[in-house]
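In: Output the structure for:
(one chain, ligands or ions: 2)
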Amino acid sequence: MINTARGDRVDMAPVTIAIIGAGVWGAALARLARQNPQAIVRLWSRRSPESLAEAIGGANFVLSAVSMKGVSDSITRLAATEMPPSTVLITATKGLDAQSHQTPSQMWHSAFPQNPIVVLSGPNLSQEIEHGLPAATVVASYDQGAAEAAQRLFASNVLRVYANLDPIGTELGGTLKNVMAIAAGVCDGLQLGTNAKAALLTRALPEMIRIGTHLGAQAETFFGLAGLGDLLATCNSALSRNYQVGYGLAQGKPLDRVLAEIHSTVEGINTVEVLVAIAREQQIPVPIARQVHRLLHGQITPQQAVRALIDRDLKQEFEDELL
Ligand SMILES: NC(=O)C1=CN([C@@H]2O[C@H](COP(=O)(O)OP(=O)(O)OC[C@H]3O[C@@H](n4cnc5c(N)ncnc54)[C@H](OP(=O)(O)O)[C@@H]3O)[C@@H](O)[C@H]2O)C=CC1
Ligand SMILES: O=C(CO)COP(=O)(O)O
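Out: Ligands and ions are numbered 1, 2, ... in the order given. Okay, here's the model as predicted:
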């Protein structure tokens, strides 16, 4: 166990972290890292005047906070630098690659097999972080030392950081809940009530676990902060962009108008494509994700999506759970 009380920071050697991706999450993570007086924090984006090689020079940690569509580009850019194998790579992206169906940490590992890889994920709405509100998150890695180093780096009096050894589960919790947040937005937008919302979120979790365990996650991770925690935060907050998509569709707005109004990254739109493709190939039941997929493709109305979920064949509550 690590004691991360603020007073212990005097024992921590100075560390440098370079954050790639200066979107809202990259900026919020930079703010969090700056709470640590021992951390030198550099925030870099492809629009920055300095080169990436300069930004990562001497960094102990390189954190990627780019959206899923920027992960491949960022890997290519970083591969062109001379990053040493001791640099800890932290990924904070919540998405799945459309072609390979890989998670970001798997892509980073393929490109940099020698570097320790850490996943950072949890119920972390960036606007609340920017307002200095307290939160908790998870840093997960197969390399316990790397996860604990990231834990020491980010722990502060506004952020409680837990470490675990399941990076894939931690990453998929944050990724798959985005699809469920679209459904939750529909539920609230149609004013279906608290009973319906509780049913939706409760049934969303086993759906995430079925896909997640198929992709290599540990089931118990989904009951932690990066799974249930992030599901609750995102599905219950109008700050969530994925939730806003569902809410806007429930109000009868077309998807392109909803997206134009949000004008920011909405990872659930791509994630549901990958999720449904995997579910089809592997015959994994994902009823909520399927309705979100049909809704986003304009094949059904929000009301028809709700009806389709209720009209499914009757079944035992736990008959096909992987728990
Ligand atoms: N916002 C939040 O509350 C949270 C977000 N996340 C996750 O963090 C990730 C980023 O989200 P967020 O910051 O909110 O989104 P934003 O839309 O604010 O920012 C997206 C970032 O990705 C970068 N990017 C996109 N394409 C490329 C590319 N081809 N090459 C390099 N960089 C690229 C953008 O760079 P540029 O500015 O140069 O376009 C920008 O820095 C997402 O996966 C999201 O799910 C995780 C937890 C919380
Ligand atoms: O992942 C998030 C909170 O943990 C952010 O959610 P949105 O991408 O839906 O805004």
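
In: Run through the protein and note the low-pLDDT ranges.
Out: In the predicted model of the chain, residues 1-11, 320-323 satisfy pLDDT under 70.

In: That one against ligand 1: which residues are in contact?
Out: When proximity is defined as C-beta under 6 Å from any ligand atom, the chain approaches ligand 1 at 21-26, 45-47, 65-70, 73-74, 92-95, 124-126, 264-265, 267. Every residue, glycine included, has its C-beta placed from N, CA and C.

In: one more time with 5 Å, if that's ok
Out: Within reach of ligand 1 by C-beta under 5 Å from any ligand atom, the chain has these residues: 21-25, 45-46, 66-67, 70, 73, 93-94, 124-126, 264-265, 267.

In: Drop anything exposed from those residues.
Out: Buried members of those, scored by 16 or more other C-beta atoms under 10 Å, are 21-22, 24-25, 45, 66-67, 70, 93-94, 124-126, 265, 267.

In: And A146, its phi and psi?
Out: Backbone torsions of A146, given as degrees, to the nearest 10, read phi -70, psi -40.

In: That one contacts V118, doesn't it?
Out: Yes. Between A146 and V118 a contact is recorded at 5.3 Å, counting by C-beta atoms under 8 Å.

In: out of those two, which sits in the busier spot?
Out: For A146 versus V118, neighbours defined as other C-beta atoms under 10 Å are more numerous around V118 (30 against 21).

In: And the helices in the stretch 101-250 of the chain?
Out: Using DSSP state H, counting those that start in this stretch, the helices assigned to the stretch 101-250 of the chain run over residues 104-111, 126-130, 144-154, 167-189, 194-214, 230-235, 241-250.

In: Nearest to ligand 2, out of the ones you listed?
Out: Closest approach to ligand 2 among the helices of the stretch 101-250 of the chain (C-beta to the nearest ligand atom): helix 241-250, 3.5 Å.

In: one step back: of the buried ones among the residues of the chain next to ligand 1, which belong to strands?
Out: Taking DSSP state E, every one of these sits outside strands.

In: so which of those are also by ligand 2?
Out: Counting by C-beta under 5 Å from any ligand atom, the members of these near ligand 2 are 124-125.

In: Among the buried ones among the residues of the chain next to ligand 1, which one lies nearest to V258?
Out: T265 (13.8 Å; C-beta to C-beta).

In: Pull the contacting residues for the closest one.
Out: Contacts for T265 (C-beta atoms under 8 Å, 6 or more residues apart in numbering) come out as 23, 67, 241.

In: List the residues that contact the second one.
Out: This means S67. Neighbour list for S67: 21, 23, 93, 95, 265, 267 [criterion: C-beta under 8 Å, 6+ apart].

In: Could you check how far it is from W25?
Out: S67 is 9 Å from W25, where distance means C-beta to C-beta, to the nearest Å.

In: Can you verify my assumption that Q303 contacts L190?
Out: Yes. With contact defined as C-beta under 8 Å, Q303 counts as touching L190 (7.0 Å).

In: what about those two, which has more around it?
Out: Neighbour tally, Q303 and L190, criterion other C-beta under 10 Å: the higher count belongs to L190, 18 against 12.

In: burial of R203, as a residue count?
Out: Neighbours of R203 (other C-beta under 10 Å): 15.

In: ok, now the one 5 residues further on?
Out: Residue neighbour count, defined by other C-beta under 10 Å, stands at 27 for M208.

In: nearest residue to it other than its sequence neighbours?
Out: Spatial nearest neighbour of M208, chain neighbours left out: L176 (4.3 Å); criterion: C-beta to C-beta, 6 or more residues apart in numbering.
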